[in-house]
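Engineer: Next come a sequence and a model predicted from it.
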Amino acid sequence: MATLRELIEGADDGDQAAWEEIVDRFSGLVWATARAHRLSASEAADVAQTTWLRLVENLDRIQDPDRLGAWLATTARRECLRLIRLGSREQPTADDWVLDRPTDEHLDSRLLARERESALRAALSRLDDRCQALVRMLAAPEPPSYEEIGAALGMPVGAIGPTRARCLQKLRRSPELASLESG
Amino acid sequence: MDEHDDQFQPLVSELRALIGDADPVPPLVTEGAKAAFGWRRLDADLAELLADSSLETESLARTRGTGAPVRSVTFSAGELTIDIEIHSDGARRTLLGQLAPRQSVTIEIQTFDDNQAAIAATDSLGRFRAQIAGGRQIRLRIVGEPPFSAVETSWVMI
């Protein structure tokens, strides 16, 4: 697998395939960052687009290729904050986050899995905002590093581990999940 | 990485599956990201975004009377500074800009889907004005007679 340095240099030299591999690796991180800020899908799409355009224009200025993910997360977060401050956007309600899409029908046949899934969703919706944002980052397709999560959420890297433990503990002990496990 | 190797790993995997199903990256977003590569800067210097009032803690300035928000952004490339006021009127954006030091140049406003969405020329004081629909990313491409070498600004969402 090509290193990030190789990919960035390749893209800077005009190699479309190298660029596409960068996008494939970090698309989930950028999207998670926007969604962790509770942006709607169309707002998140704008943030992602701006973030990738910014990377195109800065390909020759990325100093430390290993920190590309953190650079993208920082850029996306800044765009999110701008949009939120600028916006006449409506604040989404507390529960229209991962809960705003209907459950796939094919899951109906998997009753147990579905029960577990609704319990998880219910438990998630009771978490505080910070925990929900952190969970959204943890759930990005390629597990982000603590540095990337810190950059995405504007949290010191040292705070990620303890916050993660607190949030996941809370989730695990929520009545919804506890009742499922005892029953 | 050992920071992920812990007692919560099964729960995190479960969350990843759940949220991955419920909120995947839309294919159009990934396609847009890949297409962004078509906007590489080939023959121009980058004018970086130096300041953006919409990122300041103070809330937006407001014009007298109309109550319409005004945003100001500043780009810089070497000695050249480009200040732009962006006035919003519904979906319309009016850009009032000024180059310092003053330059006699052409300003092309590019959007992600249009190579030249608007065009303007500076007056004798280096000022320009353009109108464009908002809700999308733009950048300015500034071209002039030698020795002025072409400059492109960072992309901004307006």
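Structural biologist: It's in.

Engineer: what does the domain assignment say about chain A?
Structural biologist: Listed by automatic domain parsing, the domain ranges of chain A are A:4-86, A:105-182.

Engineer: do you know how far B:Val105 is from chain A?
Structural biologist: 20 Å (Cβ to the nearest Cβ, to the nearest Å). Placement of C-beta: from N, CA and C, glycine included.

Engineer: For burial, what's the neighbour tally of the closest residue to that residue other than its chain neighbours?
Structural biologist: Counting by Cβ to Cβ, 6 or more residues apart in numbering or on different chains, B:Val105 lies nearest to B:Gly144, which is 3.6 Å off, once chain neighbours are set aside. If you count neighbours by other Cβ atoms under 10 Å in any protein chain shown, B:Gly144 ends up with 17.

Engineer: B:Gly144: what's it in contact with?
Structural biologist: B:103-106, B:150 (Cβ atoms under 8 Å, 6 or more residues apart in numbering or on different chains).

Engineer: In chain B, spot the helix with the most residues.
Structural biologist: helix B:9-22 (DSSP state H).

Engineer: shaky segments in chain A?
Structural biologist: For chain A, the stretches with pLDDT under 70 are A:87-112, A:180-183.

Engineer: now the helices: where do they sit in it?
Structural biologist: A:4-12, A:16-36, A:41-58, A:68-86, A:111-125, A:129-138, A:146-153, A:157-172, A:175-182.

Engineer: Let me know the pLDDT of the residue sitting furthest away from the middle of chain B.
Structural biologist: Here chain B reaches farthest from its C-alpha mean at B:Gln7, the gap being 43.2 Å by Cα atoms, centre = their mean. pLDDT for B:Gln7: 90.

Engineer: next one: B:Ala117
Structural biologist: Value listed for B:Ala117 in the pLDDT field: 86.

Engineer: Would you check that it makes contact with B:Ile109?
Structural biologist: Yes. Assessed by Cβ atoms under 8 Å, B:Ala117 is found in contact with B:Ile109 at 5.2 Å.

Engineer: what's the spatially most central residue of chain A in contact with, if anything?
Structural biologist: For chain A, the residue nearest the mean C-alpha position is A:Ala32 (1.9 Å; Cα atoms, centre = their mean). The contact partners of A:Ala32, taken as Cβ under 8 Å, 6+ apart, are A:136-137, A:139-140, A:144, A:152.

Engineer: What is the most widely separated pair among those?
Structural biologist: The largest separation in the contacts of A:Ala32, counting by Cβ to Cβ, is between A:Ala139 and A:Ala152 at 12.3 Å.

Engineer: related to what we said a few turns ago, any shared contact partners between B:Ala117 and B:Ile109?
Structural biologist: Here B:Ala117 and B:Ile109 have B:132, B:138 as joint contacts, going by Cβ under 8 Å, 6+ apart.

Engineer: Looking at the two, which one has more neighbours?
Structural biologist: Legend: neighbour count by other Cβ under 10 Å for B:Ala117 and B:Ile109, higher for B:Ile109 (23 against 16).

Engineer: Where does that one fall, secondary structure wise?
Structural biologist: strand B:105-111 (DSSP states H and E).

Engineer: What are the buried residues along the helix or strand following the longest helix of chain B?
Structural biologist: Next helix or strand after helix B:9-22 toward the C-terminus (DSSP H and E): helix B:27-35. Across helix B:27-35, burial judged by 16 or more other Cβ atoms under 10 Å in any protein chain shown covers B:29-30, B:32-34.

Engineer: Make JSON lines out of those and add distance to chain A and pLDDT.
Structural biologist: Shown next, in JSON lines, are the buried residues of helix B:27-35 (distance: Cβ to the nearest Cβ, whole Å; pLDDT from 0 to 100):
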{"residue": "B:Val29", "distance to chain A": "5", "pLDDT": "96"}
{"residue": "B:Thr30", "distance to chain A": "5", "pLDDT": "97"}
{"residue": "B:Gly32", "distance to chain A": "5", "pLDDT": "95"}
{"residue": "B:Ala33", "distance to chain A": "4", "pLDDT": "97"}
{"residue": "B:Lys34", "distance to chain A": "5", "pLDDT": "97"}
